[in-house]
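>>> got a predicted structure plus its sequence, pasted below:
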Amino acid sequence: MKVLVTGGAGYIGSHTCVELLHAGHDIVIVDDLSNSTADVVERVTTLGGRAPVFIEADIRDRAAMEQVFAAHAVDAVIHFAGLKAVGESVAQPLRYYDVNVHGSIVLLETMARHNVRKIIFSSSATVYGDPDTVPIREESALRTTNPYGASKLMVENIMRDHAKAAPDWGIVLLRYFNPVGAHESGLIGEDPRGIPNNLMPFIAQVAEGRRERLSVFGDDYPTTDGTGMRDYIHVVDLAIGHVKALNKLDDNHGVLTYNLGTGAASSVLDMVRAFERACGKTIPYKIEPRRAGDIAVCYAATDVAERELGWKAQRNIEQMCADTWRYQRSLIR
Ligand code: NAD
Ligand code: WQD
């Protein structure tokens, strides 16, 4: 298939492009490089063995998107492009709704004009808010607590409504849990600008010596060691999940929704210890108050994705930490 990958120069998008190339697909990447750099495309070419077409454009730019679809006979779209920082979304809600919601509408409208009817959307476990029970099943209640999460749920709702009006479309909503890790080559990974919001990049920067110590947000949660527990999933497993979802779209219409997680939860201190083993250093940390909006425990029920996509995460937290560390060290040189 020829696949348009929006946000393909980003963290999850770049790993997915590599797996798509390995699976024999051709790729057109559209990315405005607002949170990535063009050299990632070269690295994807090295790892994938073939070059994607790369177009620097904003998904909200109707004329540019029109040109992309006019110039390339795309069969399906994987839509990663968007903004993803929860705290920033609280400070800049209009920007988040504009990029994530308006951008998705421009994309869907352009697809419709060009008779492209297959799309995979990057949703998030954040649409479950604070879950009533774990593991979280796909049919669990949806509720959000910040503009970022609300923008993801809005796009899901827009896509569900659109599929009712256009029943010949095939739409897959993938709800990622906590993506971490990097490609085992060390060539691509996550390198956030500024102070990392997420646990794994923060730990990696402490290990590198760029930050003094980790703040552990709360040790009084009702969990094994009192720190928050999450379902960390290796980005390469996540990327492979997209290839499986694309296969599923071959013969399916309507909306399909899948959790992409491992089904297991690790605490903040579990991750600190695993990273210490991976890098051979001590990670200094200090217990701080809880972070506003955080939940105690979150992990996925994975049986639906296993059964319907034939996909199951393979990589454990040791590999997640080892691969993150390999990539982090490559940034120092
Ligand atoms: P990322 O920031 O690394 O990648 C997003 C890419 O989209 C970047 O390359 C950025 O330059 C590009 N982009 C942003 N706005 C754009 C626009 N208007 N037009 C074109 N390109 C634009 O983020 P990621 O971690 O790879 O996340 C990818 C997707 O997965 C996002 O939609 C995110 O919300 C979702 N998601 C991420 C996580 C996570 O923890 N990383 C979890 C759940 C869901
Ligand atoms: C994990 C655990 C923190 C940083 C966020 C988004 C979610 C999704 C993934 C996009 C928690 C603790 C963290 C630190 C810490 N993104 N922590 N010190 O909050 O589960 O999810 O990213 O869709 O929408 O909300 O991930 O990595 O920020 O936190 O103690 O410096 O690590 O309290 O328990 P989170 P995270």
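Sure thing, it's come through. Ligands and ions are numbered 1, 2, ... in the order given.
>>> all contacts plus neighbour counts: C-alpha atoms, from now on.
Fine.
>>> low pLDDT regions in this protein?
Within the chain, the stretches with pLDDT under 70 are 333.
>>> can you do 50?
Applying pLDDT under 50 to the chain flags no residue at all.
>>> now do the helices in it.
11-22, 39-48, 62-71, 86-91, 93-96, 103-113, 147-165, 199-208, 235-249, 268-279, 303-309, 317-332 (DSSP state H).
>>> want to throw those into JSON lines with distance to ligand 2?
Shown next, in JSON lines, are these (distance: least, C-alpha to the nearest ligand atom, whole Å):
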{"stretch": "helix 11-22", "distance to ligand 2": "11"}
{"stretch": "helix 39-48", "distance to ligand 2": "21"}
{"stretch": "helix 62-71", "distance to ligand 2": "25"}
{"stretch": "helix 86-91", "distance to ligand 2": "6"}
{"stretch": "helix 93-96", "distance to ligand 2": "13"}
{"stretch": "helix 103-113", "distance to ligand 2": "16"}
{"stretch": "helix 147-165", "distance to ligand 2": "6"}
{"stretch": "helix 199-208", "distance to ligand 2": "4"}
{"stretch": "helix 235-249", "distance to ligand 2": "12"}
{"stretch": "helix 268-279", "distance to ligand 2": "5"}
{"stretch": "helix 303-309", "distance to ligand 2": "18"}
{"stretch": "helix 317-332", "distance to ligand 2": "13"}
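>>> right, and those - which one's nearest T262?
Nearest to T262 among the helices of the chain is helix 235-249; the distance by C-alpha to C-alpha comes to 9.2 Å.
>>> most tightly surrounded among the helices of the chain?
helix 11-22 (a mean of 24; mean count of other C-alpha atoms under 10 Å).
>>> and it with ligand 1, contact?
Yes. For helix 11-22, a contact with ligand 1 is found by C-alpha under 6 Å from any ligand atom, at 11-13.
>>> residues near the residue in the stretch 51-200 of the chain that ligand 2 sits nearest to, how many?
Ligand 2 sits closest to N198 of the stretch 51-200 of the chain, with a gap of 3.3 Å, by C-alpha to the nearest ligand atom. Using other C-alpha atoms under 10 Å, the number of residues around N198 comes to 13.
>>> also Y299?
Other residues lying near Y299 total 26 when counted by other C-alpha under 10 Å.
>>> name the nearest residue to Y299, ignoring sequence neighbours.
D231 (4.7 Å; C-alpha to C-alpha, 6 or more residues apart in numbering).
>>> was I right about the one you found contacting F177?
Yes. In this structure D231 lies within contact range of F177 using C-alpha atoms under 8 Å: 5.9 Å.
>>> shared neighbours, the two?
261, 299-300 (C-alpha atoms under 8 Å, 6 or more residues apart in numbering).
>>> between these, which is nearest ligand 2?
Y299 (9.8 Å).
>>> quick check, that closest one in contact with I136.
Yes. Judged on C-alpha under 8 Å, Y299 makes contact with I136 at a distance of 6.2 Å.
>>> now the helices of the chain in CSV, with distance to S122?
Listed next are the helices of the chain as CSV, based on distance: least, C-alpha to C-alpha, whole Å:
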stretch, distance to S122
helix 11-22, 9
helix 39-48, 20
helix 62-71, 19
helix 86-91, 15
helix 93-96, 15
helix 103-113, 11
helix 147-165, 8
helix 199-208, 20
helix 235-249, 10
helix 268-279, 25
helix 303-309, 15
helix 317-332, 21
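>>> what about the closest residue in space to L256 that isn't next to it in sequence, neighbour count?
Once flanking residues are discounted, L256 sits nearest to V172: 4.8 Å by C-alpha to C-alpha, 6+ apart. Residues lying near V172 (other C-alpha under 10 Å) number 26.
>>> so V304 sits right up against L256, yeah?
No. Look at V304 against L256 with C-alpha under 8 Å: they stay out of range, at 10.3 Å.
>>> now the residues of helix 11-22 next to ligand 1 as CSV including distance to Q314?
Shown next, in CSV, are the residues of helix 11-22 next to ligand 1 (distance: C-alpha to C-alpha, whole Å):
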residue, distance to Q314
Y11, 19
I12, 17
G13, 19
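>>> the closest residue to I188 other than its chain neighbours: how many residues sit nearby?
Among residues not flanking I188 along the chain, A182 sits closest, at 6.3 Å (C-alpha to C-alpha, 6+ apart). The criterion is other C-alpha under 10 Å. On that basis, A182 has 27 neighbouring residues.
>>> next one: A182 from Y327, what distance?
7 Å (C-alpha to C-alpha, to the nearest Å).
>>> thanks a lot, see you next time.
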